[in-house]
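1. Give me coordinates for this.
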Amino acid sequence: MREREAQLSLLLDTAMDAILVLDGELKITRLNPRATELFACTEDDLAGENFLGFLSAIAAAKFSMLAKELQARPGERPLWLPEGLEAIRWDKTPVPAEAAISRYLYNGAPYYTVFLRSMNERLEAERRIRILVEEAELLRAVVGEAPGEMGIIGRSAGIRGVCNSIRQVAPTDATVLILGETGTGKELVARAIHDAGARRAEALVRVNCAAIPESLIESEFFGHEKGAFTGATARREGRFAQADGGTLFLDEIGELPLDLQAKLLRVLQEGEFEPLGGTKTRKVDVRVIAATNRSLEEEVSDGRFREDLYYRLNVFPIRVPTLQERGDDIFLLAEAFGRRFAERMGRRFDELTDEDKRLLKAYAWPGNVRELQNVIERALILSSGRKLDLSRAMPQADSGERVEFATTASTSPQPAKVLSAIELEELEKRNLLRALETCGWKISGPKGVSALMGLPPSTVSSRIKALGIHRL
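-> Numbering: from 1, shown residues only. Model prediction:
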C-alpha cells in the first residue's frame, strides 16, 4: 500500500494538469503542485476549502449541476468541458481553464476528481501565431537578395539616405512617419527600423488603415469584450494589445477616420485605451511607425486630418524615393525579383540584357517597386527559357495587345460567349485585382477601390475575402 501510495503521489505530482480530489460536499481533500500553481497559493490555502469558492458564480453553478448529473448517473464516463470553467486565483484574478470531472465511490463515500488546464497558455500561443502571420506578410518583401543595407536593395543616393535615417532613429523609441508613393517599399523601411531597434525580439504588428471597414476599425485597434456589439461572440485582443512591448506599423494612416484619430492620439500620448465595450483602462508600451502616400499637411489644411495627431506622428519623417528617382537600382531590384520567382518556379534565370535594361529605363513606373515586381513575375511566366520576356510583359505591350484584340473583334464580330459561373468569378477577380493595384490597395476614401467601383467599402472587403485575393 505504501508503494502504491508513493506511485500515486508521483503520478499526481508530475502531471501537467491541475488535479484536485473533492469529497461529497465538494471540499478539497487532495491536490497536486500544478493546482497550487494554477490558483497561485499554497496547498494549505486550498486543502479543506469548498471548491466552488474558487470558481466564478457562473462556473460554480455549472459545476454543481454537473456534479448532480454524475451523481444521478453512476458509472458515467468523465465529463469533458471544452468551453472550460472560469477559476478564481488566490489574488481574485480570473483564469479560464479547460476542465474534466469524474465521480467515484470509495468505502461507500462519493468523491470527485477535477482536472484543470489553464487556457492562458493556449490563448497566448494563438496570439503569438497571429503576430507571426502578420510578420510573415511583411517578410514577403525581398530581403538580402541583392547589394544593399538592412535588407533594402539599392545603391542610389536616395536609398543611402533612407538607410542613414534608419540607423539614426532605430535605437530610439521615437515615432516615425514614412512618406512615399504607393509601392515604394514603406513596409520594408518599417521592418528595417524595427529590426535595428531594441524591440527587435518583440512583435511588429501591421495595420492597414485603408483595408479595414470603418465600422470595425476601433475594434481592430483596441479589441472588444464579448457582447460589445452584434457578432462579438468572444473577447478579442486589438492590435495595440498584440504589439505591447513591440512595434505597431500603421500603414495608410491618412485613411483613418477623424473620430478614430482622437482615440489614437490618446494612446500615443498616454499609452492607454479601453477595449470596445470594456470599462477597464489598459496600459501598453508600443512604438508607433506610421506610413502614408498622402500629404498630411494638405489633409490638415482641408480638415481631414487632426493637426495635433500630425505633429505627434511627424517626430522623425523619412521619405522613400520613387523608383524613377533611384536610377540603376531598378536593375538590382529586377534581378533580385527574377531570382526569387525563378527559384519558386524551379527554373533558371539569366542576367538582364541591354535590351531588358532599355525597356526598364524607358517606362515611368507609376506603381513603383510593387509594379516592377509584378512585371518581372509576368515576364518570367511568359518566357520559355532562361531569359525574361520583358517585351510582352511590360505595360505598354499589354495595352497594345488589348487594342489589337479590340480592333480584330470589331472587324470580325463573333457571337457573344455566355460565361460560366467559374469564368464570371475569374473575371470579377481580375477586375477587382486591377482596381486594387490602381488604387494602391486602398479600399475606402476618395481614392480607394470603393469610390472607383461605386461599391460600399464593406462590400469590397467581403468580395476580396470571398475571392481569395491576397496582397503580394
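2. Can you mark which positions in stretch 336-350 are buried?
-> Ala336, Phe337, Gly338, Arg339, Arg340, Phe341, Ala342, Phe349 (16 or more other CB atoms under 10 Å). All C-beta atoms are positioned from the backbone trio N, CA, C, and that covers glycine.
3. And for stretch 440-455?
-> Gly440, Trp441, Lys442, Ile443, Ser444, Gly445, Lys447, Gly448, Val449, Ser450, Leu452, Leu455.
4. Out of the buried residues of stretch 336-350, the closest to Glu252 would be?
-> Relative to Glu252, the closest of those is Phe337; by CB to CB it sits at 23.6 Å.
5. which stretches of the stretch 351-472 of the chain aren't confidently modelled?
-> 396-423, 472 (pLDDT under 70).
6. ok, now the stretch 201-350 of the chain?
-> For the stretch 201-350 of the chain (pLDDT under 70), the answer is 230-232.
7. Which parts of it are strands?
-> With DSSP state E, counting those that start in this stretch, the ranges of strands along the stretch 201-350 of the chain come out as 204-208, 247-251, 272-273, 282-283, 287-292, 316-319.
8. elements contacting the third one?
-> Where contact means 3 or more CB pairs under 8 Å, 6 or more residues apart in numbering; DSSP states H and E, strand 272-273 is packed against helix 258-270, strand 282-283.
9. Same question for the fourth one.
-> On a contact count with 3+ CB pairs under 8 Å, 6+ apart, strand 282-283 meets strand 272-273.
10. The strand it packs on: partners in the sheet, and parallel or antiparallel?
-> strand 282-283 (antiparallel) (DSSP bridges).
11. Arg30 contacts Val21, doesn't it?
-> Yes - in this structure, Arg30 is within contact of Val21 by CB atoms under 8 Å, at 4.0 Å.
12. right, so of the helices and strands packed on strand 272-273, which gets closest to Glu43?
-> For the helices and strands packed on strand 272-273, distance to Glu43 was read as CB to CB. The smallest value, 33.5 Å, belongs to strand 282-283.
13. one step back: could you dump the strands of the stretch 201-350 of the chain to a markdown table with mean neighbour count and distance to Arg103?
-> As requested, those are exported to a markdown table (neighbours: other CB atoms under 10 Å; distance: least, CB to CB, whole Å):
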| stretch | mean neighbour count | distance to Arg103 |
| --- | --- | --- |
| strand 204-208 | 23 | 46 |
| strand 247-251 | 25 | 49 |
| strand 272-273 | 17 | 46 |
| strand 282-283 | 14 | 41 |
| strand 287-292 | 25 | 53 |
| strand 316-319 | 17 | 64 |
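14. Identify whichever of these lies nearest to Gly238.
-> strand 272-273 (7.9 Å).
15. Tell me how far that closest one lies from the chain's centre.
-> 20 Å (CA atoms, centre = their mean, to the nearest Å).
16. Repeat that for stretch 218-234.
-> On CA atoms, centre = their mean, the centre of stretch 218-234 falls 17 Å from the chain's centre.
17. Contacts for that stretch, please.
-> For stretch 218-234, contacts defined as CB atoms under 8 Å, 6 or more residues apart in numbering pick out 207, 212, 235-241, 260, 263-264, 273-278.
18. ok, of these, which come out buried?
-> Buried among the contacts of stretch 218-234 by 16+ other CB under 10 Å: 207, 212, 235-241, 260, 263-264, 273, 275-276.
19. Where does Leu66 sit, in terms of helix or strand?
-> Applying DSSP states H and E as the criterion places Leu66 in helix 57-72.
20. and for the following helix or strand past that helix, what are the contacting residues?
-> From helix 57-72 onward toward the C-terminus, using DSSP H and E, the following helix or strand is strand 79-88. For strand 79-88, the external contacting residues (CB under 8 Å, 6+ apart) are 38-39, 54-56, 58-59, 62-63, 66, 69-70, 94-102, 116, 119.
21. between strand 79-88 and helix 57-72, how many degrees?
-> 150 degrees (axes from the mean of the first three to the mean of the last three CA atoms, to 10 degrees).
22. Alpha carbons only: can I get strand 79-88 in PDB?
-> C-alpha atoms of strand 79-88 as PDB (Å, rounded to 0.1, in the frame of the first residue of the first chain):
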ATOM      1  CA  LEU A  79     -17.400  14.800 -18.400                       C
ATOM      2  CA  TRP A  80     -15.100  16.900 -20.600                       C
ATOM      3  CA  LEU A  81     -15.800  20.700 -20.700                       C
ATOM      4  CA  PRO A  82     -14.100  22.100 -23.800                       C
ATOM      5  CA  GLU A  83     -15.600  25.500 -23.100                       C
ATOM      6  CA  GLY A  84     -14.000  25.300 -19.600                       C
ATOM      7  CA  LEU A  85     -14.600  26.800 -16.200                       C
ATOM      8  CA  GLU A  86     -13.500  30.200 -15.000                       C
ATOM      9  CA  ALA A  87     -11.300  29.600 -12.000                       C
ATOM     10  CA  ILE A  88     -10.600  32.400  -9.500                       C
END
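23. Now do the buried residues in it.
-> By 16+ other CB under 10 Å, the buried positions in strand 79-88 come out as Leu81, Gly84, Leu85, Glu86, Ala87, Ile88.
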